[in-house]
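> Quick check, what structure comes out for this input:
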Amino acid sequence: RPSALPSRCGPSMQTCLFSSFGGDNGNGPMIQHIGKEQMEEIIEDYEEGGREESGYVVIDVREPDEIAFTGKLSPNTHNIPLGVLAQYQVFSMDEDEFEEVCGFPKPTMDETIVFSCAAGIRSTHACNFAAQCGYSNLVNYRGGANEWFL
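Model (predicted):
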């Protein structure tokens, strides 16, 4: 499983360091912010190889009514609304409880979690919640559904 995005994502990939988790020394989690082209590559890998082969878990943190209106980014995209993610601290749950609450197996620490929302704001917050629970392979699709479904 890859610990980072494929190299073909190129130099347009933005990486942002959130020092609020790492104190003054700047050793916080790295969150990769990507655009539509990189997200299309991830979705292609994810749909072709599944979670096991691709190493990705794609999670949309929009509300169910938002997803019902636009549709999913891909057939295998999971949904955990940001409010649920935050209120229940799902990434700190054990594997069984996570699967019961979220409806799919909990991401492992070596999988890359790719978050999406409508415009990249809630998905950034989701990255931060996952980082607080020890996840380090985190990707934020900054364009979100607003860009995806244009």
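> Backbone dihedrals for the nearest residue to Gly83 once chain neighbours are set aside, both of them.
For Gly83, ignoring the flanking residues on the chain, the nearest one in space by CB to CB, 6 or more residues apart in numbering is Glu63 at 7.9 Å. All C-beta atoms are positioned from the backbone trio N, CA, C, and that covers glycine. Note on Glu63: backbone dihedrals following degrees, to the nearest 10 are phi -70, psi 150.
> Over to the one 5 residues further on?
In terms of degrees, to the nearest 10, the main-chain angles of Ala68 are phi -60, psi -30.
> what number of residues lie near it?
Counted with other CB atoms under 10 Å, the neighbours of Ala68 add up to 10.
> And for the one 10 residues further on?
The number of residues packed around His78, counting by other CB under 10 Å, is 17.
> And the strands in the protein?
Under the criterion DSSP state E, the chain contains strands at 14-17, 30-34, 56-60, 78-79, 112-116, 138-141.
> what comes up buried for the top helix by length along the chain?
Of all the elements of type helix in the chain, the one with the most residues (DSSP state H) is helix 36-54. Neighbour-count burial for helix 36-54, counted by 16 or more other CB atoms under 10 Å, picks out 38-39, 41-43, 45-46, 51, 54.
> chain center to that helix, what's the gap?
12 Å (CA atoms, centre = their mean, to the nearest Å).
> Same check on stretch 92-112?
On CA atoms, centre = their mean, the centre of stretch 92-112 falls 13 Å from the chain's centre.
> how close does Glu47 sit to Ala68?
Distance of Glu47 to Ala68, computed by CB to CB, to the nearest Å: 21 Å.
> nope, Asp60 is what I meant
In terms of CB to CB, Asp60 sits 12 Å off from Ala68.
> Check Val139 too.
On the measure of CB to CB, Val139 and Ala68 end up 24 Å apart.
> can you check Ser116 too?
16 Å.
> One more: Ala119?
Separation of Ala119 from Ala68 (CB to CB) stands at 18 Å.
> check contacts around Pro81.
Contacts of Pro81 were listed using CB atoms under 8 Å, 6 or more residues apart in numbering, and they are 61-64.
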